[in-house]
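# Structure of the sequence below:
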Amino acid sequence: MSWINEEIVDITKHKAIVYLITNNITNEKYIGKKNLFSKTSKKVKNRVNKKWTIKETKWRDYQSSSDDVKKWGNVTKEILRACEFVGEATYIETKLLFEYDVLNIDNSFVNKNISGKFFKSY
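The predicted structure is shown next:
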């Protein structure tokens, strides 16, 4: 399944996206972010420093880091913002999570925490 607004992503310019996934059956929603690239290191023999490799992640097929959202079948995936910096994506995601009041138990968002510091109480 592809993303709504995927055309706003310029892979040569952007490093991360902020997204909204909606369960089309229950209308539950999830806001998150995804890095477009991963960076890995490998130790090289006879070399002091490591060799770094940067590669594109599988963001086009990404569903979510949430185990609950991964189980959803019929979903709409929308890119809310393409960001030039990962820190910018973290800021935008956090800002939207507070703006949409996702931790309020009386809404349709299934996000369970914000930045691992603020949690939904049941």
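# so who does the residue most central in space within the chain touch?
Closest residue to the average C-alpha location of the chain: Lys33 at 2.1 Å, with C-alpha atoms, centre = their mean. Going by C-beta atoms under 8 Å, 6 or more residues apart in numbering, Lys33 touches Ala16, Ile17, Val18, Tyr19, Ala89, Thr90, Ile92, Glu93. Yep, even glycine has a C-beta here, placed from its N, CA and C like the rest.
# which one of those is nearest Trp59?
Ile17 (6.8 Å; C-beta to C-beta).
# That closest one: how many residues sit nearby?
A count of neighbours around Ile17, defined by other C-beta atoms under 10 Å, yields 25.
# now do Thr57
Neighbour number of Thr57 under other C-beta under 10 Å is 13.
# Same check on the one 4 residues further on?
The local packing of Asp61 (other C-beta under 10 Å) involves 9 other residues.
# what about it, distance to Asn24?
To Asn24, Asp61 is 18 Å away according to C-beta to C-beta, to the nearest Å.
# ok, now Gly32?
Counting by C-beta to C-beta, the gap from Gly32 to Asn24 is 17 Å.
# hmm, back to that, inside strands: which ones of the contacts of Lys33?
Filtering the contacts of Lys33 for membership in strands, criterion DSSP state E, returns Ala16, Ile17, Val18, Tyr19.
# quick one: pLDDT of the residue of the chain positioned farthest from its centre?
For the chain, the largest distance from the centre (C-alpha atoms, centre = their mean) belongs to Asn46, which lies 37.9 Å off. According to the prediction, Asn46 has pLDDT 84.
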